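Student: Would you be able to build a 3D model of this:
(one chain, ligands or ions: 1)
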Amino acid sequence: MTKNSALLEKKLEQTIKARKALETARKHQVDVLTQFAAKLSLSCKGQDVALDNQLAKFRSALQKGMDFIEVEPLIENMNETLKNQEAVNSANRRALELSIMTAGKQLQKVKGLPDDGRRKLRHLLDHELTNINTTNDYIPILEKLSELYQQALQLKLSQASVTDDTRQSQKNPEFATELLNLANELTFDEDVSQEVTAIKGNITLTDDIDSLLNAALSIIRVIVKSIARERQSAQGFLVSLNQTLEELNTSIVETTKHSQNVNKQITNLNKRIEAKINSLNSQTQKATSISELKSLVDGELKLLSQDLIERERIESEDKKALYESFEKINDRINVLESKVNTYKKRLSEQRYKSLLDGLTKLPNRTAFDDRFHQEFHLFGINKSDITLVVIDVDHFKSINDKYGHSAGDKTLQVIARALKKAIRKTDFIARYGGEEFVLLMPGLHLEHAKQPLEKVRNTIKSIPFKFKETQVQITISLGATQFKEGDTPLSAFDRADSALYEAKNSGRDRLCLRE
Ligand SMILES: Nc1nc2c(ncn2[C@@H]2O[C@H](COP(=O)(O)OP(=O)(O)OP(=O)(O)O)[C@@H](O)[C@H]2O)c(=O)[nH]1
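Tutor: Here you go, the predicted structure:
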């Protein structure tokens with residue numbers, strides 16, 4: 001081998017090596033590019049179905065290492081689709097921007113959004129949303145918007161639960177007082193008195209609407225039960241009354257029938273006797289001798305006396321039967337009378353009870369209203385002085401709250417007894433409702449009522465109440481007025497009530513007078 005050919009061979013070898021290195025490098029570059037293109041195509045996936053299909057074909061062509069010439073038409077197709085996709089994307093971006101803007105503006109209208117949230121929202125809509133370059137830029141904006149929406153939703157939910165709680169715990173003390181007054185005015189039978197006391201206890205323990213409605217329902221149930229029982233007993237009374245009247249009727253009819261029979265028998269007998277007397281008369285006329293006359297009269301008189309004995313027997317039996325029958329009727333009338341009396345007694349007991357307050361046994365509001373109108377009527381006629389006083393126990397609610405409802409009940413009973421004892425016999429005191437009493441003092445001028453009323457106030461104040469080993473002083477407030485010309489019962493009562501209001505407002509435990 002010549003020197004030249006050896007040199008040429010070496011050069012060729014070098015060239016082949018360099019070419020191989022170049023090809024390896026190129027192959028590596030094509031691989032990297034192919035992988036990159038494949039990854040890029042995958043990241044574009046999902047925007048459009050047609051584009052997805054084209055990308056899939058492109059990726060497979062790259063993987064197979066197809067010639068650029070074969071891949072080129074695919075790339076051109078994709079270019080075309082991508083151009084359209086760009087238009088679709090920008091339309092989508094505009095729509096997205098618009099919907100974010102609308103959602104944001106709506107959120108701004110929500111009341112009660114915290115200041116910080118409101119500020120963030122304004123910044124988001126006025127600045128961040130206007131500086132968007134790519135679709136991805138919407139992601140943090142959407143995140144922030146969703147956070148603000150969550151805040152607003154939370155707020156609304158907590159407001160809703162607050163209003164829900166408020167509804168559930170809605171209070172209505174006036175309703176409680178009214179219900180209690182009504183329950184106090186009603187008169188219940190002894191056997192339901194415990195049930196009624198328990199219901200009243202529940203009313204004083206709460207002024208929550210739901211519990212009060214339940215208590216009202218329970219009272220209605222007791223009333224319905226009592227009415228049903230009363231109706232049953234009235235029906236029972238009427239049935240037995242009817243039965244007794246029927247028996248009475250039967251006895252009278254029997255007696256009448258018997259009397260008619262007896263009358264018939266006696267009429268027949270009388271006729272027979274009359275006929276016999278007539279026959280005796282004519283026979284005696286015909287008699288020709290004394291002995292004939294004697295035997296004739298003897299015979300006829302015998303028959304006559306038999307008839308007379310028979311008549312006597314019938315009459316005496318009739319008398320006996322009549323007597324027995326009258327006895328029977330009398331008994332039945334007595335039974336009837338006693339039944340009517342029992343019922344009358346019950347009715348009057350009920351009327352009496354319906355005018356008494358069940359707890360304190362003082363006259364109740366109905367009784368007071370009766371008496372109040374009577375006194376008012378009398379005042380209209382004789383214009384004599386009459387003082388009207390409204391009395392209210394101070395802070396009575398706290399007795400119930402601290403020591404329980406039955407302690408409250410006992411307190412009212414003790415106060416009622418003390419009030420009754422502290423007034424004159426001619427005065428009239430009633431429980432008006434709850435812890436309120438009313439007093440009528442006929443013949444007493446307001447000025448003269450002052451001293452006895454102060455005495456009443458001090459009497460109550462000095463009662464040594466003891467609850468749970470604690471000595472408690474209970475006071476009352478009094479408002480008094482007197483009837484005056486031109487008054488109506490209502491105006492007089494209102495005046496006493498406003499005097500009581502003044503007593504309460506000026507510190508309680510006092511008497512206020514209103515001319
Ligand atoms: N134990 C009991 N409590 C009753 C009865 N009737 C009414 N009450 C209660 O009496 C209380 C009256 O309370 P309020 O009207 O607030 O008056 P107070 O607590 O006396 O306060 P002042 O009148 O303002 O001094 C309420 O809690 C009623 O539930 C009853 O028959 N028995």
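Student: and the chain, which residues reach the ligand?
Tutor: Taking C-beta under 6 Å from any ligand atom as the criterion, the chain approaches the ligand at residues 180, 184, 200, 204, 359, 392-397, 400, 405, 408-409, 412, 434-435, 504, 508. No exception for glycine: its C-beta is placed from N, CA and C like everyone else's.
Student: do that again at 5 Å, thanks
Tutor: For the chain, the residues in contact with the ligand (C-beta under 5 Å from any ligand atom) are 180, 204, 394-397, 400, 405, 408-409, 434-435.
Student: got the contact list for Leu378?
Tutor: Shown in contact with Leu378 (C-beta atoms under 8 Å, 6 or more residues apart in numbering): 384, 442.
Student: three-state assignment of it?
Tutor: Per DSSP: H, G, I helix; E, B strand; the rest coil, the secondary structure class of Leu378 is helix.
Student: ok and the residue in the stretch 401-515 of the chain nearest the ligand?
Tutor: Closest contact between the stretch 401-515 of the chain and the ligand, by C-beta to the nearest ligand atom, is at Gly408 (2.6 Å).
Student: Would you check how far apart that residue and Asn382 are?
Tutor: 41 Å (C-beta to C-beta, to the nearest Å).
Student: Name the residue in those two with the higher neighbour count.
Tutor: Between Gly408 and Asn382, counting by other C-beta atoms under 10 Å, Gly408 is the more crowded of the two (23 against 6).
Student: you'd agree that one is up against Thr204?
Tutor: Yes. Between Gly408 and Thr204 there is a contact at 6.5 Å, judged by C-beta atoms under 8 Å.
Student: Overlap of the contact sets of the two?
Tutor: In contact with both Gly408 and Thr204: Asn400, using C-beta under 8 Å, 6+ apart.
Student: Please identify which helix or strand holds the residue nearest the centre of the chain.
Tutor: For the chain, the residue nearest the mean C-alpha position is Leu213 (2.2 Å; C-alpha atoms, centre = their mean). In this structure, Leu213 sits in helix 209-286 according to DSSP states H and E.
Student: State the next helix or strand along the chain beyond that helix.
Tutor: helix 290-354.
Student: State the helix or strand in which Glu147 lies.
Tutor: helix 138-168.
Student: Tell me which residues of that helix come out buried.
Tutor: 138, 141, 144-145, 148-149, 151-152, 155 (16 or more other C-beta atoms under 10 Å).
Student: same deal with stretch 379-389?
Tutor: In stretch 379-389, counting by 16+ other C-beta under 10 Å, buried: 379, 385-389.
Student: Filter the residues you listed down to the ones in helices?
Tutor: Counting by DSSP state H, these place Phe379 in helices.
Student: just curious, which of the buried residues of stretch 379-389 is nearest to the ligand?
Tutor: Using C-beta to the nearest ligand atom, these come closest to the ligand at Val389, 15.5 Å.
Student: Could you list everything that closest one pairs with in the sheet?
Tutor: Leu439, Ala480 (DSSP bridges).
Student: okay but it is in contact with Leu444, surely?
Tutor: No. Counting by C-beta under 8 Å, no contact exists between Val389 and Leu444, whose distance comes to 10.0 Å.
Student: Which residue is the nearest non-sequential neighbour of Phe372?
Tutor: Leaving aside its chain neighbours, Phe372 sits nearest to Pro489 (5.9 Å; criterion: C-beta to C-beta, 6 or more residues apart in numbering).
Student: Report the contact partners of that neighbour.
Tutor: Residues counted as contacts of Pro489 (C-beta under 8 Å, 6+ apart) are 372-373, 376.
Student: Equivalent analysis for Lys144, please.
Tutor: Lys144 touches 120, 124, 128, counting by C-beta under 8 Å, 6+ apart.
Student: sorry, back to before: just put the contacts of Pro489 in CSV and tack on distance to Met78, neighbour count and pLDDT.
Tutor: Converted to CSV, those look like this (distance: C-beta to C-beta, whole Å; neighbours: other C-beta atoms under 10 Å; pLDDT from 0 to 100):
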residue, distance to Met78, neighbour count, pLDDT
Phe372, 103, 20, 95
His373, 104, 11, 93
Phe376, 106, 17, 92
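Student: Closest to the ligand out of those?
Tutor: For the contacts of Pro489, the residue nearest the ligand by C-beta to the nearest ligand atom is Phe372; the value is 20.7 Å.
Student: What are the phi and psi values at the closest one?
Tutor: Backbone geometry at Phe372, expressed as degrees, to the nearest 10, gives phi -60, psi -50.
Student: Surely it and Tyr432 touch.
Tutor: No. Under the criterion of C-beta under 8 Å, Phe372 makes no contact with Tyr432, lying 10.2 Å away.
Student: any residues in contact with both of the two?
Tutor: Common neighbours of Phe372 and Tyr432, counting by C-beta under 8 Å, 6+ apart, are Val438.
Student: Quick check: buried residues in stretch 444-460?
Tutor: Under 16+ other C-beta under 10 Å, the buried positions of stretch 444-460 are 444, 446, 449, 452-453, 456-457, 459-460.
Student: Sorry, slip of the keys, the one I care about is stretch 459-468.
Tutor: 459-460, 465.
Student: How about Gln54: what's its closest non-neighbour residue?
Tutor: Met78 (4.8 Å).
Student: Touching, the one you found and Leu51? I think so.
Tutor: Yes. Between Met78 and Leu51 there is a contact under C-beta under 8 Å: 6.9 Å.
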